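**Q** Sequence plus predicted model, see below.
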Amino acid sequence: MPFRYKGYAGHYLEVDLTKGKVNTREMQEEWARLYLGGSGVSARILWERTGPQTEPLSPDNVLVAATGPLTGAMFSPSGRMMFASKSPLTGIWAESHVGGFLGPEMKYAGFDLVILHGRSPKPVYLFLNDGRAELCDATQLWGRETNVAATMIREEHRDPSTEVAVIGPAGENQVLFGSITVDFYRAAGRTGLGAVMGSKNLKAIAATGSLAVEAHDMDKYLQANEQEMAKLSDPLWTESIASLRKYGTTGLVTMINEIGRLPTKNHWTGYYEHADDIGPEAISKQYRIAQEACYGCAIGCKYIFRVKDGPFAIGPAGGSEYESIMAFGSNCLNNDLASVLYMGTRCDLLGMDTISCGKTIGFLMELWEKGILTSKDTGGLDLSWGNTESMAKLVEMAAKREGIGELLALGTRKAAERIGGDAPMYAIHSKGLEASGQDPRAHQSVGLTYAINVRGADHLRSLSSLEELGYPEVIIKRFGKEKYEEIKKITSPVYKGEVIKDIEDLYALVDSAVICKYGTMWPPVYYFETFINVIPPLTGMDEWSSMKFVREAAERICHLRRAYNHRLGITRKQETLPKRLLSDPMPTGPAKGGLPDLDYMLDEYYTKRGCDLKTGFPKKETLVRLKLDAVAGDLESRGLLASN
């Protein structure tokens, strides 16, 4: 009997890499109905199959590669997929999303998701095609950079439309922030999932397909899709979308520096006086040569660049995002734009997260400045701020785990622990994940976003652009006129717990559907009503016509991911910020003197989330209301529920 719901391929794969066995299973109705797909379904799978006893780089760990019902379903933007596992970098929940074309191709090949476990005795890659799946020998691919390996896979199957997710030498060497490169220059970058693939001797996942994805009611779905697409043309979003189309995310360099929130000198300050040198106009005038878009995207924020000559000649390649420019630019006091673009691309080819790599380099540079590291420790490398020659060498050394690259490959937290002494004072992370390109001293709600993020100090699970970039109409519509004045104040903590809880819920659906943050995070076009509008006619899941059901589904996903981390030892004590961001006032720039009031925001967030204020643990009645009875029972047996 075919899978009941439409919008799905209807099947998933169980891959035992140790035995070399691949089994096709029918998609589970409960997964789809209660968790939708992507992040939600992955949370259910990882909750059941991994836990405190699971070593992230062992054969026992599980890696999920997943799509959602909107992936490849003509919704804009719907060219995304995600990976999830237990992180080798942080030891907790890990997920990373990526755009391009692989997600849709995976569904057209007949599979909604792939569950991988075990460790292959030799290098392999997984190939999906029209309902068939096989493990192929990857011996000749091992050691190759990502672009070469992806090209070789396409040539082997004589199909240039084959889309590939592949690790580079960094993932093979189990660099703890190893990434997964998709479509040559897009990356599932954060939390070290490339290292998980490397630990399993899995070089790549490749897919090509021609199978149809059906809609439950095509006419109504197309009508709903058209209604949602029309929202992108609202004059309210004109400026934001124009910026994304013209500059991509690089436009944020200027915007964020203007409010004093651009991480500079290992997050010492939020203002970089040379930001224009690495900003959108400089990139556009000097190196940008073309524009592109992910599958089915009406925004088109991607660009192609080329550095023609000099020591950092590279390309044509996919252009660096804001986060990469921040990490190798302002974060390291480096205003040499060519070198910034070069190092970002080298990370894509070697298979490393640009944020963690750049932030760890900035951390080492500050230790050099403080005299904690010397040339004896660095093998003679001069780690002075902005030393582009040394930075470029460090990128290569990290991927090979060579010399001081072995230290860099551990990421900021573990490197600081190994160095000892005062080093941890300068490690800017939360729960082991290096902080992304925001600063809570200039933007209060960012502090809460970092602290409660289930994967660590990162923005993509709940960042609010409402007060950051200014959307007063949206604030009033979502939260009411009476809360508008406080919410719009970027330096006020009031109501930010409510805002971040609401946005975390929204992004949980975005990450399970699976669609892009551009259109939901910035600009904030799509909201919960979007899912009510498009999911029922696409899938036939009538429950998704109810706002109550949709809101509860979002909460369910958020609580399950939090429960996963509670089981691994995460409490309110760990939901915090590094000292620099929590108690050292912003020293310069427009946000000078700023500090976040994290405790105020956490109290409000826990109250709205249905959690205990002292521990952050969920209340039993909250989990039962969300049909997470078994989760409640497990946590209760471990003493991890809110006490009455």
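**A** Sure thing, it's come through. All of these numbers come straight from a predicted model, not from anything done at the bench.
**Q** C-alpha only now, for contacts and for neighbours.
**A** Will do.
**Q** what ranges of this protein fall below the confidence cut-off?
**A** Filtered on pLDDT under 70, the chain yields the residue ranges 644.
**Q** Tell me which residue is most central in it.
**A** Central residue of the chain (Cα atoms, centre = their mean): S96, 4.1 Å from the mean position.
**Q** Does anything pack onto the helix or strand containing it? Which helices or strands?
**A** With secondary structure defined by DSSP states H and E, S96 is part of strand 93-98. Other helices and strands packing on strand 93-98, by 3 or more Cα pairs under 8 Å, 6 or more residues apart in numbering; DSSP states H and E, are strand 81-86, strand 186-188, helix 193-199, helix 547-566.
**Q** Nearest approach to A230 belongs to which of these?
**A** Shortest distance between A230 and those, using Cα to Cα, is found for helix 547-566: 21.6 Å.
**Q** Quick check: buried residues in that closest one?
**A** 549-566 (16 or more other Cα atoms under 10 Å).
**Q** Now do that helix: which elements does it pack against?
**A** So helix 547-566, by 3+ Cα pairs under 8 Å, 6+ apart, packs with helix 29-35, helix 38-49, strand 93-98, helix 496-513, helix 528-539, helix 629-637.
**Q** quick one: contacts of the helix or strand just after that helix?
**A** Once helix 547-566 ends, the next helix or strand along the chain (criterion: DSSP H and E) is helix 579-583. Defining contact as Cα atoms under 8 Å, 6 or more residues apart in numbering, one finds that helix 579-583 is touched by 267-268, 425-426, 428, 439-441, 595-596, 598.
**Q** are any of those residues buried, and which?
**A** Neighbour counting by 16+ other Cα under 10 Å classes 267-268, 426, 428, 439-441, 595-596, 598 among these as buried.
**Q** Throw those into CSV and include distance to A630, thanks.
**A** Listed next are these as CSV, based on distance: Cα to Cα, whole Å:
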residue, distance to A630
H267, 41
W268, 44
Y426, 41
I428, 36
D439, 38
P440, 36
R441, 40
L595, 40
P596, 36
L598, 32
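**Q** Let me know the closest of these to A313.
**A** Nearest to A313, judged by Cα to Cα, of the buried ones among the contacts of helix 579-583 is H267 at 28.5 Å.
**Q** helix/strand/coil for that closest one?
**A** coil (DSSP: H, G, I helix; E, B strand; the rest coil).
**Q** which residue sits closest to it in space, ignoring its chain neighbours?
**A** Closest residue to H267 apart from its sequence neighbours, by Cα to Cα, 6 or more residues apart in numbering: N331 at 6.6 Å.
**Q** ok, that neighbour touching K265?
**A** Yes - between N331 and K265 there is a contact under Cα atoms under 8 Å: 4.6 Å.
**Q** who's more crowded, these two?
**A** Between N331 and K265, counting by other Cα atoms under 10 Å, N331 is the more crowded of the two (31 against 24).
**Q** quick revisit: who wins for proximity to C294 among the helices and strands packed on strand 93-98?
**A** Between those, strand 186-188 lies closest to C294; by Cα to Cα that is 9.7 Å.
**Q** show me the contacts for Y471.
**A** Counting by Cα under 8 Å, 6+ apart, Y471 touches S465.
**Q** re the thing from before, each with direction, which strands does the strand holding S96 pair with?
**A** Sheet pairing for strand 93-98, assigned by DSSP bridges, gives strand 81-86 (antiparallel).
**Q** Just want the angle from the partner strand to helix 547-566.
**A** On the basis of axes from the mean of the first three to the mean of the last three Cα atoms, to 10 degrees, strand 81-86 is oriented at 40 degrees to helix 547-566.
**Q** okay, the angle between the strand holding S96 and helix 38-49?
**A** Angle, strand 93-98 to helix 38-49, by the same axes, to 10 degrees: 150 degrees.
**Q** Now for N331 and K265: what residues contact both?
**A** Jointly contacting N331 and K265 under the rule Cα under 8 Å, 6+ apart are G362.
**Q** Tell me what V15 is bridged to.
**A** Under the criterion used (DSSP bridges), V15 bridges to V22, L116.
**Q** tally of neighbours for it?
**A** Here the number of neighbours of V15 (other Cα under 10 Å) works out to 23.
**Q** check contacts around it.
**A** Residues near V15 by Cα under 8 Å, 6+ apart: 21-23, 114-117.
**Q** Quickly find the element holding V164.
**A** In the assignment (DSSP H and E), V164 maps to strand 163-166.
**Q** partners of that strand, with directions?
**A** Strand 163-166 sits in its sheet next to strand 180-182 (antiparallel), strand 202-208 (antiparallel), going by DSSP bridges.
**Q** Minimum distance to E504: which of the ones you listed has it?
**A** Closest to E504 of the strands paired with strand 163-166, according to Cα to Cα: strand 180-182, at 24.4 Å.
**Q** what's next to that closest one, contact-wise?
**A** For strand 180-182, the surrounding residues in contact (Cα under 8 Å, 6+ apart) are 98-100, 102, 146, 163-168, 171, 187-189, 193-194, 348-349, 351-352.
**Q** quick one: that strand to chain centroid distance?
**A** 12 Å (Cα atoms, centre = their mean, to the nearest Å).
**Q** ok so, going back, does the residue nearest to the centre of the chain really touch S179, like I thought?
**A** No - contact criterion Cα under 8 Å: S96 and S179 do not qualify, at 9.0 Å.
**Q** tell me, what's touching these two both at once?
**A** Contact with both S96 and S179 is made by residues 188-191, 193, according to Cα under 8 Å, 6+ apart.
**Q** what's the nearest residue to A392 if we skip its chain neighbours?
**A** M343 (6.3 Å).
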